[in-house]
Each structure stands twice: as C-alpha cells, then as structure tokens.
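Participant: 3D, please:
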Amino acid sequence: MAIERINPYGAFNFIVAWGEGNEDQVIGGFAEVSGLGKEVNYSEYRNGNEKYNTVRKIANTFKADDVTLKRGVIGVLNMYKWLTQVANGEDARRQVTITLLDETTKEEVAVWKLRDAQPKKWTGPSLAAKGGGEVAMEELSLVCEDVTFE
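Facilitator: Reported below is the predicted structural model:
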C-alpha cells in the first residue's frame with residue numbers, strides 16, 4: 001500500500017479505525033498516534049571452534065511497541081469502556097488500523113495494522129483552572145501482538 005514519492009508525506013492527515021466494526025463512522029478523530037514500532041530480539045551464540053572471537057547474533061522472537069492514541073475529550077466513552085472490558089476479564093482484542101492520507105485527504109498512502117490490539121492504559125485530561133486555553137485530551141495506550149506496515 002505504501003506509495004513512494006520524492007517528497008515525504010506530512011504526518012497530519014490520518015485515520016484511526018480501531019476495530020469496533022464501524023470503521024466508516026469517525027467518532028472523534030485522533031490528534032496524535034505515537035509508538036508505531038517493531039523490534040527483533042537476538043540471542044548471542046558462539047561455538048568453541050569459531051573462526052572469529054566474537055559471538056554470532058541469531059534472530060529469534062520479535063515484539064511490537066506500545067502505541068498511544070490521543071484525542072480531545074468529546075464525551076464519547078468508547079476508549080474508557082474498552083479498557084474496562086479488559087479490566088473485567090473480557091478478551092477484547094481488535095485489529096486497529098492507522099491510515100496515513102495525502103495532502104488532499106483522499107488518497108491512502110500508508111497503512112499500519114496492529115494485530116490483536118488491547119488497551120493497556122487510559123489517561124484522562126490534565127485540568128487547570130487558570131485557563132491556559134489548552135484542549136482537554138485523553139489518551140489510550142495499546143499493546144498488540146504484531147505491527148505490519150503496508
């Protein structure tokens with residue numbers, strides 16, 4: 001899916017579909033997505049009769065980084081309810097899809113899929129009575145079993 005071009009895409013046009021089955025309905029767009037990543041773990045190994053006096057690096061398991069979604073508080077409780085489902089012992093795994101759009105917001109240019117995503121932590125807004133004009137934000141940290149990039 002990734003579409004190659006000379007100039008990099010902006011990071012400001014994206015859609016998050018988070019596996020509720022209503023991906024055509026946007027319930028509060030997200031202001032920020034962070035933490036998209038994947039890491040391979042390596043084991044060190046060396047035979048006693050190796051030619052070089054260094055260890056070999058052998059790839060084994062991998063892990064996906066935690067992903068954080070941030071949005072303004074809009075009175076929709078679906079992020080908090082998803083975390084509550086898991087806290088109450090339900091298996092509420094979902095496929096979360098983050099789609100980067102071009103400048104016209106019409107063309108999909110890259111897609112990241114989080115397989116078997118589950119909420120790890122919900123954080124409510126920081127509130128201050130002195131009135132700085134900031135937007136009340138909430139965030140949801142997700143764990144997942146794999147991240148694919150298309």
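Participant: for the spatially most central residue of the chain, which residues count as its bridge partners?
Facilitator: Centroid-nearest residue in the chain: residue 67, 3.4 Å away (criterion: Cα atoms, centre = their mean). For residue 67, the beta-bridge partners are residue 142 (DSSP bridges).
Participant: and it, how far is that from residue 82?
Facilitator: Residue 67 is 14 Å from residue 82, where distance means Cβ to Cβ, to the nearest Å. From N, CA and C alone the C-beta is placed, and that goes for glycine too.
Participant: the residue nearest to the centre of the chain is in contact with residue 141, isn't it?
Facilitator: Yes: if you go by Cβ atoms under 8 Å, residue 67 and residue 141 touch, sitting 7.3 Å apart.
Participant: which stretches of this structure form helices?
Facilitator: 78-87 (DSSP state H).
Participant: mutual contacts of residue 67 and residue 141, please.
Facilitator: residue 35 (Cβ atoms under 8 Å, 6 or more residues apart in numbering).
Participant: got the confidence number for residue 27?
Facilitator: If you check residue 27, the pLDDT there is 63.
Participant: likewise for residue 127?
Facilitator: pLDDT, residue 127: 89.
Participant: try residue 149
Facilitator: 96.
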